[in-house]
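Engineer: Structure of the sequence below:
(chains A and B)
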Amino acid sequence: MTFLIDAVYFITTAVFILGLKQMSSPVTAHRGIVWAGIAMVIATLVTFGAQDISLDIASINLQLMLLAIIIGSGIAYFSAKRVAMTDMPQMIAMYNGMGGGAAAAIAAVELVKLSSATQSDVVTHDATMQVLAVLGAVIGSVSFSGSAIAFAKLQGIMKKTLRLPLHQLINIVLFIGVLVTGYLVATGQPVSFNLVIIFFILAIILGVMLTLPIGGADMPVVISLFNALTGLAVAFEGFVLNNAAMIVAGTVVGSAGTLLTQLMAKAMNRPISNVLFSSFGSGGGTAVEEDIEGSMKEIQAMDAAIMMAYAQKVIIVPGYGMAVAQAQHKLKELEDLLEARGVEVKYAIHPVAGRMPGHMNVLLAEAGVDYDRIFDLEEINPEFPTADVALVIGANDVVNPVARTNPDSPIYGMPILNADKAQNVIVIKRGKGAGFSGIENHLFYADNTRMLYGDGQKAVSELIAGVKTL
Amino acid sequence: MIEGLPALYIFMLAAFTGYEVISRVPVILHTPLMSGSNFVHGIVLVGAMIALGRAEGTLELTIGFFAVTLAAGNAVGGYFSTVRMLEMFKTSSKGEK
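Structural biologist: Okay, the predicted model is just below:
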């Protein structure tokens, strides 16, 4: 039986890696996840045959296990099926946090076991395993509580970025506390039970404190980082339980997640250390009170519709506002109408538009927009000068020209979509407020920019109605 | 038992594998891929099951119960959110002319 289990784990691990590989191409991605899913189910089933698991139905362990699997999967299944596409990022944060919590809980079981062991049992125990259990416990706990905060923020349960006085100092003290208690637990022979409790509480608080001051714009990077951390925690607990599938799968996710985090941070032009340790804009020194030339000029939907209908080329720049307004289906409708009139329509996606890289692509795909109309920053930027209209819908910071021009701005140096280079710019925006970062957008004041105020979906509906009458 | 140097080798090779596997991923797949890798570390479920399997006493059983619940949530939630996202890509590629 042990051999069978090991063989299944081996194959499962290979399928996971192949699955991830397939997931990195749009054509094979769906197959990749299905394969990985089947492998996961089989791995779970054979685990019931493991030595440590009693198959006696009267065993409380087995009863609890079945109940836990039913509850956990049930909640996750219904939440994953029901949630709106726009809320996907926080769901990823939540499921990821659950994984981190599970890794930490495994460590807790093992450590509690050690603390209740008598002196004679301890000799049989491997000191390295104890250290790895503690490492996995810290990482898993931080990922667990941090992801919970990330979820609360994106879900809107927690609106403000909270920054306590001396926040950095508290974090350092907490970190040292985790380090010291962790060291004591990792080297304890036998392990003190109370210390284990304090250690876990400190680690969980650390995760909360690290995530609290991080602003919403940085959240995708943080979620991706926690994803990588959970992978690492799983790998460490894999060493503790001597489970190769957990080691390899966890490590693969750990490194793939780290790479993904780097890619995201790079797209935002913010080193990961900045994301974690300085909240957005606060590090900008003096609040820049700049004079902005020009004023915001409003446009009516009908005029905007005429402008677009008689254009040769329209580039649509969607942002988070489009996601919130669920305007992607309407945009597709508008695209079809414009194309029927011979207008060339393209979509320009900033790497961090929305809440996560690829977020906009997912939403546009949902609405049925073809891939070959969607372009990356590098591909589309040279085309803006030849576009008659750039339609900016719900995007702000990613089209703010100060990132190119003003070295004092907190977003200076971030690659942006050069929507301001288009002949005309129409900005659909709910109100006159600043963007996520709180920075004024000079694009809105430019001579060639017209503002179309209103909810994204309603505004696009008006544009559609306008184009139809022509 | 996996320990000592072989353990380090496994760790290193797996780390390079993870890096290589996604190094050429297009931006449009970043979110689904993050979700997919989130699903993959749902393998923590088998570990949680083993931990609960050998738990003794109320405290260990309780923690083990949480471990399995959370891990099952990670695996199942990770799977269905990823599938939902990727299904959109599937339908839209069919719609291509």
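Engineer: where does the stretch 251-400 of chain A come near chain B, residue by residue?
Structural biologist: A:251-260, A:263-264, A:349, A:351, A:356-359, A:361-362, A:365-366, A:368-372, A:374, A:376 (Cβ under 8 Å from any Cβ of the partner chain). Glycine gets a C-beta too; all of them are placed from N, C-alpha and C.
Engineer: tell me which element residue A:390 falls in.
Structural biologist: strand A:389-393 (DSSP states H and E).
Engineer: other SSEs contacting that strand?
Structural biologist: Contacts defined by 3 or more Cβ pairs under 8 Å, 6 or more residues apart in numbering or on different chains; DSSP states H and E place strand A:389-393 against helix A:301-309, strand A:313-318, strand A:424-429, helix A:456-469.
Engineer: Need the contact partners of it.
Structural biologist: The contact list for strand A:389-393, computed with Cβ atoms under 8 Å, 6 or more residues apart in numbering or on different chains, reads A:307-308, A:311, A:313-319, A:321-322, A:327, A:331, A:348, A:384, A:399, A:419, A:422-428, A:443, A:456, A:459-460.
Engineer: before we move on, what about stretch A:189-199?
Structural biologist: With Cβ under 8 Å, 6+ apart as the test, stretch A:189-199 has contacts from A:108, A:111-112, A:114-119, A:122, A:130, A:134, A:137, A:178, A:181-182, A:184-185, A:188.
Engineer: of the residues you listed, buried ones?
Structural biologist: Neighbour-count burial (16 or more other Cβ atoms under 10 Å in any protein chain shown) applied to these gives A:108, A:111-112, A:114-115, A:117, A:130, A:134, A:137, A:178, A:181-182, A:184-185, A:188.
Engineer: By mean pLDDT, point me to the weakest helix or strand of chain B.
Structural biologist: Counting by mean pLDDT, DSSP states H and E, chain B has its least confident helix or strand at helix B:57-94, which shows a mean of 86.
Engineer: Please identify the buried residues of that helix?
Structural biologist: By 16+ other Cβ under 10 Å, the buried positions in helix B:57-94 come out as B:59-86, B:88-90, B:92.
Engineer: what about stretch A:102-113 and chain B, touching?
Structural biologist: Yes. Using Cβ under 8 Å from any Cβ, we find that stretch A:102-113 touches chain B at A:102-103, A:105-106, A:108-110, A:112-113.
Engineer: show me where the stretch 101-250 of chain A has helices.
Structural biologist: Ranges of helices in the stretch 101-250 of chain A, per DSSP state H, counting those that start in this stretch, are A:119-122, A:127-155, A:167-187, A:193-211, A:219-241, A:244-267.
Engineer: neighbours around residue A:324, how many?
Structural biologist: When counting by other Cβ atoms under 10 Å in any protein chain shown, one arrives at 16 neighbours for residue A:324.
Engineer: From chain B, how far off is it?
Structural biologist: 16 Å (Cβ to the nearest Cβ, to the nearest Å).
Engineer: Residue A:86 now?
Structural biologist: From residue A:86 to chain B the distance is 12 Å (Cβ to the nearest Cβ).
Engineer: my read: that residue touches residue A:323, true?
Structural biologist: Yes. At 4.5 Å, residue A:86 counts as touching residue A:323 under the criterion of Cβ atoms under 8 Å.
Engineer: Neighbour count for the two, which is higher?
Structural biologist: residue A:323 (25 against 20).
Engineer: Could I get the contacting residues of the more buried one?
Structural biologist: A:86, A:354-355, A:359-360, A:363, A:394.
Engineer: which element is it on?
Structural biologist: Element membership of residue A:323 [criterion: DSSP H and E] is helix A:320-325.
Engineer: tell me the mean pLDDT over that helix?
Structural biologist: What helix A:320-325 shows for mean pLDDT is 81.
Engineer: Could you give the separation of the helix or strand that it is followed by from the chain centroid?
Structural biologist: Where DSSP H and E defines the elements, the next helix or strand beyond helix A:320-325 is helix A:328-340. Relative to its chain's centre, helix A:328-340 lies at 29 Å (Cα atoms, centre = their mean, to the nearest Å).
Engineer: and after helix A:328-340, which helix or strand comes next?
Structural biologist: Using DSSP H and E, the first helix or strand after helix A:328-340 is strand A:344-349.
Engineer: who's in contact with that next one?
Structural biologist: Residues from elsewhere that reach strand A:344-349, judged by Cβ under 8 Å, 6+ apart: A:312-318, A:335, A:338-339, A:360-361, A:364, A:369, A:373-377, A:380, A:383-384, A:387, A:390, A:417, A:419, B:27-28.
Engineer: repeat that for 6 Å
Structural biologist: A:313-317, A:335, A:338-339, A:360, A:373-375, A:380, A:417 (Cβ atoms under 6 Å, 6 or more residues apart in numbering or on different chains).
Engineer: and of those residues, the nearest to chain B?
Structural biologist: Proximity of the contacts of strand A:344-349 to chain B (Cβ to the nearest Cβ) peaks at residue A:374, which lies at 7.0 Å.
Engineer: That closest one pairs with what?
Structural biologist: Beta-bridge pairing of residue A:374 under DSSP bridges involves residue A:347.
Engineer: What's the local residue count around it?
Structural biologist: Counted with other Cβ under 10 Å, the neighbours of residue A:374 add up to 22.
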